[in-house]
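K.L.:
sequence first, predicted model second:
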Amino acid sequence: MNRFLHIIVPRCRTFRCWRTSASRSQRARGGLVDALRGWAASAGSSSSALRASPAAQIRGLRIGDNLPVSSSDLAIVLLSLKVALVATVVSLPVAIAVALLLARVRFWGRSLLNALVHLPLVLPPVVTGYLLLVLFGREGAIGAVLERTLGLVVAFRWTGAALAAGVMGFPLMVRAIRLAIEHVDPHLEDAAASLGASRAWTIATVTLPLALPGVLAGAILAFAKSLGEFGATITFVSNIPGETRTLALAIYTFIQTPGSEPHVWRLVALSMAVSFGAVLVSEALARRMESTRR
C-alpha cells in the first residue's frame, strides 16, 4: 500500500501542476486574443477617423462653422482693407506734392511745414483723433462745410476711419517719398529742362520714375500703418460694429469679451502677417532704390 501511494501521489501532483499550467496558458492565450481584438477595433476606428478627417477639414473651411475663419472675422478684415486702401490712395497724391515741395523747393517756413507733417508721429493718437473730431465733426469748422456743400459726413463713419488712418500714415509716406526724391540726381532734371521740358513734365517723366521705389515703399508703409491704427480712429469715429470696427478695434473689443480668445488670436495673427509682409516689401523696395542710385 505504501508503495502504491508512493507511486500515485507524485503522479497526481504532476497532473495537477500540468492542469494548472494548462489553465494558465489558456488564460494567457485568451488575454492575447482579447488584446488582438482590442487592437483591431482601435485600428479600425483610427482608420475610419483618418478617412473622415478630410471631410472634417473641408467642413472646417466653410465660413460660419467652428472654423478657422468666421463671417464676422471676414467682415472685419474686409472693412480694414477698405479703410486702409482708401486712406492710402487718397493721401498718396498729397504726399507726393508735399515731398516734392520739401525736397526741391527752398522757402521760408520749410522747417515749420516739415514739423507739421511729422507731428502725428509724436502726438498721442488720442489727441490727433480729438483734433479730427473738432475739425471734421458735424459742428466742426471743416465738417459742417462738407456736410452743407457736399453732403459728406465723416464723423462716426467708415470714411472718418479712413481719414484718421490717412492722417496717421501720412508722415511715413511723405518721409519715404522725400528721401527717394532727394536721391534723384538734380543734373538729370536740369538736362530735361535744357531740352525744353517744363517743370511739371520733368517731374512726371524724370523725377517720379526714378523715385518710384520710394513712392511704393511709402505707400506700403502707410497702408500697413492704416491697418493697425487704433487711438485716433476710436476717438474720432468710435467703435461701431460693421461701420468703423477695424482690426485693431475688433482685437480691443474681443480682449474685453470673455471666451473670445480664438477671435483675438486669429485677428492678431492676421494683423501681424499683413504688417510683417508690408515691412518686408518696403525694405526690398528701399534696397532696390539704393542699388539703382549706386
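P.N.:
Done, it's in. Residues are numbered from 1 along each chain as shown.
K.L.:
so which elements touch whichever strand or helix holds I76?
P.N.:
Using DSSP states H and E, I76 maps to helix 71-104. In terms of contacts (3 or more CB pairs under 8 Å, 6 or more residues apart in numbering; DSSP states H and E), helix 71-104 is packed against helix 110-117, helix 158-182, helix 212-227, helix 247-255, helix 261-293. Quick note: C-beta positions are derived from backbone N, CA and C, even for glycine.
K.L.:
downstream of the first one, the next helix or strand is which one?
P.N.:
Put plainly, it is helix 110-117. With DSSP H and E, the next secondary element past helix 110-117 is helix 119-122.
K.L.:
now that next one: how far from the chain's centre is it?
P.N.:
Put simply, helix 119-122 sits 23 Å off its chain's centre (CA atoms, centre = their mean, to the nearest Å).
K.L.:
with stretch 124-139 instead?
P.N.:
With CA atoms, centre = their mean, you get 26 Å for stretch 124-139.
K.L.:
enumerate the positions of stretch 253-269 that are buried.
P.N.:
253-254, 263-264, 266-267 (16 or more other CB atoms under 10 Å).
K.L.:
same check on stretch 143-158?
P.N.:
Here stretch 143-158 shows 143, 147, 154-158 as buried, counting by 16+ other CB under 10 Å.
K.L.:
stretch 192-201 too?
P.N.:
Quick answer for stretch 192-201 (16+ other CB under 10 Å): 192, 197.
K.L.:
distance from that stretch to the middle of the chain?
P.N.:
Using CA atoms, centre = their mean, the offset of stretch 192-201 from its chain centre is 43 Å.
K.L.:
low-confidence bits of the stretch 151-294 of the chain, can you list those?
P.N.:
Within the stretch 151-294 of the chain, the stretches with pLDDT under 70 are 286, 289-290, 292-294.
K.L.:
at 80 instead, please
P.N.:
The model of the stretch 151-294 of the chain has pLDDT under 80 over residues 263, 274-275, 278-279, 281-283, 285-294.
K.L.:
now A232: how far from A217?
P.N.:
23 Å (CB to CB, to the nearest Å).
K.L.:
then L131?
P.N.:
L131 sits 28 Å away from A217, going by CB to CB.
K.L.:
who's in contact with V83?
P.N.:
158, 161-162, 165, 226, 246 (CB atoms under 8 Å, 6 or more residues apart in numbering).
K.L.:
got the confidence number for it?
P.N.:
With respect to pLDDT, V83 has a value of 93.
K.L.:
likewise for the one 4 residues further on?
P.N.:
Per-residue confidence (pLDDT) for A87: 95.
K.L.:
my guess is it contacts S226, does it?
P.N.:
Yes: between A87 and S226 a contact is recorded at 4.6 Å, counting by CB atoms under 8 Å.
K.L.:
what angle do the helix holding I76 and helix 261-293 make?
P.N.:
30 degrees (axes from the mean of the first three to the mean of the last three CA atoms, to 10 degrees).
K.L.:
please identify the buried residues of helix 71-104?
P.N.:
So, applying 16+ other CB under 10 Å, buried residues of helix 71-104: 72-73, 76-77, 79-81, 83-84, 86-88, 91-92, 95-96, 98-104.
K.L.:
any idea which element V154 lies in?
P.N.:
V154 belongs to no helix or strand when assigned by DSSP H and E.
K.L.:
quick one: the closest residue to it other than its chain neighbours from L113, how far?
P.N.:
Once flanking residues are discounted, V154 sits nearest to G160: 4.0 Å by CB to CB, 6 or more residues apart in numbering. The spacing between G160 and L113, counted by CB to CB, is 25 Å.
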